[in-house]
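1. have a look; sequence and predicted model below, questions after that.
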Amino acid sequence: MLNNMTDTEEGEGGPNSQGDGNPKESSPFINSSSASDVEKSQQYDGKNMALFEEEMDNSPMVSSILSSLANYSNLPQGSKEHEEAENEEGAAPSKKKPAVKAPSLGTLMGVYLPCIQNIFGVILFLRMTWMVGIGGVFGSFIIVFMCCSTTMLTAISMSAIATNGVVPAGGSYYMISRSLGPEFGGAVGICFYLGTTFAGAMYILGAIELLLVYILPQAAIFKMEGLEGADMEAAMLNNMRVYGTIVLSFMATVVFVGVKYVNKLALVFLACVILSILAVYAGVIKTAFEPPVFPVCILGNRTLISKGFDVCAKVIERDNGTVTTKLWKIFCDSEFLNATCDEYFANNNVSEIQGIPGVSSGILAENLFGYYLEKGDFLEKRGISAMQDPDAPITNSNRYVLADITSFFTLLVGIYFPSVTGIMAGSNRSGDLRDAQKSIPIGTIAAITTTSIVYMSAVVLFGACIEGVVLRDKFGEGVDGNLVIGTLAWPSPWVIVIGSFFSTCGAGLQSLTGAPRLLQAISRDGVIPFLKVFGHGKANGEPTWALLLTASICEIGIIIASLDAVAPILSMFFLMCYMFVNLACALQTLLRTPNWRPRFKFYHWALSFLGMSLCLSLMFICSWYYAIVAMVIATCIYKYIEFAGAEKEWGDGIRGISLSAARFALMRLEEGPPHTKNWRPQIMVLVSVDSEQNVEQPRLLSLTNQLKAGKGLTIVGTSVVGTFLNNHAEAQKADQSLRKLMETEKVKGFSQVVISSNLRDGTSHLIQVGGLGGLKHNTVLVSWPRTWKQAEDNLRFRNFIEVVRETTAASMALLVPKNIAAYPSNGERFTEGHIDVWWIVHDGGMLMLLPFLLRQHKVWRKCKMRIFTVAQMDDNSIQMKKDLITFLYHLRIDAEVEVVEMHDSDISAYTYEKTLVMEQRSQILKQMHLTKNEMEREIQSITDSSRGSIRRKNPSNLQSQQSSEEPAGVSMEEKPEEEVQLIHNKNATPTSPLHYTRRERCHPRVGGADDLDRQG
C-alpha cells in the first residue's frame, strides 16, 4: 500500500509537487526547518518511511483545511496554468519568482464541491417552485427522478472511462474522442461546447431576471407599468436583451483580463449556493412552528396582482361607515358604492389566503397532481367556486396573475434538465487531483447523490409548504413581487435573492471560462480543420479567439431573452453528450478491448445502455424538433470530420466495432453462395510492375473504377520475383505504388503483393488466396500481352495462358482488355458513340452486364449500347432480331440489336464448333416457348448437325489458318490444344475479352472470340 501511495505521489506530484512550499506532511521529519533536517528528509523520501501518511490524509490538520479552502477553484483544468503564466509575466524580471503549481486536490475540494456548485444553479432558485406548482408533486418527482437517474448512470459510465487513464483538458470531449474516435469526439465535443456556451447565456438571463424582477425593478429601461399582454412581454424581453448584452460584455472582459479574478471569487460563489439552500431548509423547518405571513388576495378563484391596493377587500368599515378600498377603484368606475363595476368583480367575493400555510397544514394533498395552463390563463385557486358568464368578455386582465407560457409535461422536462448538468466538473480537473482514479468516481457520485436528495426533497417540501397558486406564480406577482422560494427562506427572502444572484453570476463566469478552453482543446487536436484558428490565444495560452466566438454564440441566447426558451436548447446538447458517454462505456465493455481496464469496477454495459436510452428518450421528450436539429448538427460535423478531418488513430472503440461487424458479415457470407440477383463482378486486377516497382498498366485501374464505381470487392494484385527475406522492401514499395495509384484513380479496394520465385507462381497464388472467407473475387481482369507474337517474349504469353487456365479451373470470369493504353481515363467524357457487344457465346448475360456497368460511370454515360450477333446465310435473321430484342427487354437493358449474316467460310473452325452458332442462338432465344422435353431434343439435334457440318469442312484450310497465326517458338501441336482447352472449357464461365478501338469517339467492342476482332 505504501509503495502504491509513494508511486502516485512521485508520478503525479513528484518531488516538486504542487503545494504552497511547506514541508510534506508525509515526511518523517515534521519540523524540518534547518538545512540538515531538509537533507535528512530528502534522504528518506521514497524509502517507505512515511509512517503517518495514511493517518494524516484521513485526519488533516486545521491548517491544511484552511489552505485547501483558500486555494479552492472551480475552474476547468488549464485555467490555473494560464493564471500562473499571467503572474509570471507581471513579476519583475530581476526577481525570479519560483514556479508555483496548483495544489494537489483531494476528493472534497477537487471533485465534490465543484460538482455541487455546477449542479445547483439558476433553475433551482427561479423555476423549481413553478415546476412543482404546474406539474404537481407527483409529476415533478417523476421528472426529477428521471433526470437524476440519467446523470447518475452517466456518472457511472464516466467514472469507468475516467479511471481507465488520465483525462486531460477537454473533459468529456477527450473521453468520447478517445473512446469512439475523432468523428464522434469532434461532433459531441462541439455539442458539449455549444451546451456550455448556451448555459452561460441561461445563467446571465437568470441573473438579469433576478435583478429586474426582484432586486431593482425600477432599473428597467423599457417600462412595464401600465402595459399588459404582448406589450408587457415585449418590454420585458427587450430589457433582458439590453442588460444581458451589457453583463455578457462585462463578463467576457473579466475572463479576457484574467481568470485569476474569477478564481478568487469561486469560494464566494460556492458559499452563496450552500447558504441559500440551507436557508430554504431552515425556512421549511420554521413553517412547522411559525409560518411566515405572505397573504395572497383571491377574487372569486382568480389570483390578483398584489400591486395597486393595500387591503384585500372590496369595502371596509371605518368611522361607523362603509368605505370602498383601492381594490374597488381598480375594478369600478368610481369610489362610490353605486358605481358600475366589472361583472366578475361584482359577482364574486374577495378572499385572502395564506401563501405559505406551512409543512403541517396538509396542503400537500392539494398540490399532489398537475395543473397545466395555456398562455394567458388565470391562476385559479382549487376548491373555490366562482360565478362567471362564459360568454362575457374578459376585462381588467392586467390585474390578475396570468400564465406567461403554455405549459405541458415535456416542457417542464426541458426546462428542468439543465439543473442536473455539471457532473463533468470533476473529470475536467483530473490533472489537478492527487488521485484522480479514486476521487472522480467517489466525488462525482457523492455530488449527484447529494443534489438528487436535495431536489427530490425540495419537490415534496415545496408542495407541502406553499399554496398552489403561489407555486404557479412564476414571478411572485401575487406575493408583493417576492421570489417564491425566497418567501420560504429564513431569516429573510433577501438571503435567497442575493445568494442566487451571485451564484448565478459565478456560474455564468465559469461557463465563459470553461467553454473557450473546451473549444481550444478541440482545435488543437486538429480534427476539425476550420477551427484551427481558435486554438491560438495570448502568450500564456489564454484562448482569446475562442472566447470571442463563445461570447458571440452566447449573445444568440441573450437575444432569445427567455430563460424558458434557452433551457431546452442546452438540454439537447448536454443530453447528446451524456448519451455518447454511456455509449462509449457500453461499447468498450462489450468489445472487451485489452486496454479497457478501469479501476472503477461498479459498472455494467446494461447500465450504460439504460443511461443512453434515457438520454435519447429525454431528448425527444423535451423537444422533438430541437432533438432533430441537435442530431443534424452532430451528423454534419461527423461527416465533415470523416471527409476533411485530420487522420487520427487513438485506438477507439469504433475500430473495434468495425472489426466485429466485418467478422460477423464474413461469417454470414460463408453460409451459402450468393443469389443470382446479388451477383456482381468482384474483380481481382492483375497488374505488372517494372524494375522501379511502378505499375505498367495504370489504365487497368481506370477501367476497374469505371466498371465498379466503388461497389463490391476490388483487389489489385501484383507479383514480385524473389524471396520474402531478400525482397520484402521491394514488395512494400510495390504495395505503396499500388495504393498511390488506387488513390489517384479513386479505386476503392485492397492491394495485395505476393513474393514468389517466378511470376507464373506469384500470379497463381494471387488468384488462389485473394479475398477472405466469403468475400472473394469471382472475376479476374488482366490485360492482353502486347508482344505475344514475338518469339523472344513467349514467356509473357505462356504466363497469360496459365492465368486463363487457372481462372477456368476456378470457375471465374476472365476479362481481357486489348490495347488497354487506348482506353479512356476517368477524366475523359464521351458525348456520343457506341459500346458494341459481339455476342457469340451464350455466357449467362456477362457480356450484357459489362457495358451496362460501364454506362453507370460518367465517362460512358452518354454512349449507346449495340448488340451484334452472327447468323448464317440460311437463318431467319428478322425473327432472330425480334427474339433478341425480347430477350434484352426481359434483361431490362436498352440496346440496339444488329444481326450480321456471314458465310460459313468466314467463321473459323474452332469458333464454329465450340461457340453457339446461329442455329443454336435462335434456339436458345426460343427456350422460353419450349417445354423441357422439346428443349432437350432440339439442343441435341442442333449439336449433332453442327458437328456433322464441321467434319465436312476442308481440313487443309483450317490447318493453314492455324499455322499462319502461330508465333515463332510455339509448336503447331501445342498451340491448338492450349487454345481449345483454355478459352472454351465447357465447365467454366467463358472468357470475355474487351476490345477497344479509337475509330469513333466512343466505340468499344466486347466480344467472345479473337476471330471477330479480326473481322471488325
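-> In hand now; what should we look at? Numbers count the residues shown, from 1 in each chain.
2. CA atoms of stretch 391-401 as PDB?
-> The C-alpha trace of stretch 391-401 is given here as PDB (Å, rounded to 0.1, in the frame of the first residue of the first chain):
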ATOM      1  CA  ASP A 391     -69.800  34.500 -22.900                       C
ATOM      2  CA  ALA A 392     -68.900  37.700 -21.100                       C
ATOM      3  CA  PRO A 393     -65.700  39.500 -22.400                       C
ATOM      4  CA  ILE A 394     -62.700  39.400 -20.100                       C
ATOM      5  CA  THR A 395     -61.800  42.800 -18.700                       C
ATOM      6  CA  ASN A 396     -59.000  44.100 -16.400                       C
ATOM      7  CA  SER A 397     -56.900  41.000 -17.200                       C
ATOM      8  CA  ASN A 398     -53.800  43.000 -16.300                       C
ATOM      9  CA  ARG A 399     -55.000  42.900 -12.700                       C
ATOM     10  CA  TYR A 400     -54.800  39.100 -12.500                       C
ATOM     11  CA  VAL A 401     -51.800  36.800 -12.400                       C
END
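3. what lies in contact with that stretch?
-> With Cβ atoms under 8 Å, 6 or more residues apart in numbering as the test, stretch 391-401 has contacts from 227-229, 232, 299, 302-305, 308, 330-331, 342-345, 376, 378-379, 469, 473, 477-478. Using the backbone N, CA and C atoms, a C-beta is placed for each residue, glycine as well.
4. quick check: buried residues in that stretch?
-> By neighbour count with 16 or more other Cβ atoms under 10 Å, stretch 391-401 contains the buried residues 399, 400, 401.
5. and of those, the nearest to residue 242?
-> In terms of Cβ to Cβ, no member of the buried residues of stretch 391-401 lies closer to residue 242 than residue 401, at 25.7 Å.
6. tell me the pLDDT of the closest one.
-> Confidence at residue 401, expressed as pLDDT, is 90.
7. scan the chain for its longest helix.
-> Using DSSP state H, we find that the single longest helix of the chain is helix 128-162.
8. that one - contacts with which helices or strands?
-> If contacts are counted by 3 or more Cβ pairs under 8 Å, 6 or more residues apart in numbering; DSSP states H and E, helix 128-162 sits against helix 172-180, helix 409-416, helix 436-465, helix 468-471, helix 484-488, helix 563-591, helix 605-622.
9. got the angle between that helix and helix 409-416?
-> Interaxial angle, helix 128-162 versus helix 409-416 (axes from the mean of the first three to the mean of the last three Cα atoms, to 10 degrees): 70 degrees.
10. for residue 722, state which of the buried residues of stretch 391-401 is nearest.
-> residue 401 (91.2 Å).
11. for the helices and strands packed on helix 128-162, give me TSV that also has mean neighbour count, distance to residue 796 and mean pLDDT.
-> Listed next are the helices and strands packed on helix 128-162 as TSV, based on neighbours: other Cβ atoms under 10 Å; distance: least, Cβ to Cβ, whole Å; pLDDT from 0 to 100:
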stretch	mean neighbour count	distance to residue 796	mean pLDDT
helix 172-180	27	51	74
helix 409-416	22	73	93
helix 436-465	22	65	92
helix 468-471	26	92	92
helix 484-488	27	90	89
helix 563-591	25	49	89
helix 605-622	20	58	94
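12. for those, which one sits closest to residue 313?
-> Closest of the helices and strands packed on helix 128-162 to residue 313 is helix 468-471, at 18.3 Å (criterion: Cβ to Cβ).
13. ok, and what's touching the closest one?
-> Outside of helix 468-471, the residues within contact range by Cβ under 8 Å, 6+ apart are 129-130, 132-134, 294, 296, 298, 303, 353, 355-356, 363, 366-367, 371, 379-382, 401, 462-463, 476, 478-479, 484, 487.
14. buried subset of those residues, written for PyMOL?
-> The buried subset of the contacts of helix 468-471, as determined by 16+ other Cβ under 10 Å, is captured in PyMOL by this line:
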select buried, resi 129+130+132+133+134+294+296+298+303+353+355+356+363+366+367+371+379+380+381+401+462+463+476+478+479+484+487
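15. quick check: buried residues in stretch 850-870?
-> In stretch 850-870, counting by 16+ other Cβ under 10 Å, buried: 850-855, 857, 859-860, 863-870.
16. I meant to write stretch 715-725 there.
-> So, applying 16+ other Cβ under 10 Å, buried residues of stretch 715-725: 715, 716, 717, 718, 719, 720, 722.
17. that's a strand at the fourth one, yeah?
-> Yes - residue state for residue 718 (DSSP: H, G, I helix; E, B strand; the rest coil) corresponds to a strand.
18. roughly how far apart are it and residue 728?
-> As judged by Cβ to Cβ, to the nearest Å, residue 718 and residue 728 stand 15 Å apart.
19. looking at the buried residues of stretch 391-401, spot the one nearest residue 573.
-> Closest approach to residue 573 among the buried residues of stretch 391-401 (Cβ to Cβ): residue 401, at 33.4 Å.
20. what about the closest one, distance to residue 297?
-> Taken as Cβ to Cβ, the span from residue 401 to residue 297 is 10 Å.
21. what sits in contact with each of those two?
-> Common contacts of residue 401 and residue 297 (Cβ under 8 Å, 6+ apart): 303, 304, 478.
22. count of residues packed around the closest residue to residue 375 other than its chain neighbours?
-> Nearest-residue entry for residue 375: residue 406, 4.6 Å, with adjacent residues in sequence omitted and distances by Cβ to Cβ, 6 or more residues apart in numbering. With neighbours defined by other Cβ atoms under 10 Å, the count for residue 406 comes to 12.
23. over to residue 837: give its phi and psi.
-> The phi/psi pair for residue 837 (degrees, to the nearest 10) reads phi -120, psi 120.
24. any idea how many residues pack against it?
-> As a burial measure, residue 837 scores 24 neighbours (other Cβ under 10 Å).
25. thought it was touching residue 845?
-> No - in this structure, residue 837 is not within contact of residue 845 by Cβ atoms under 8 Å, at 11.0 Å.
26. perfect, that will be all.
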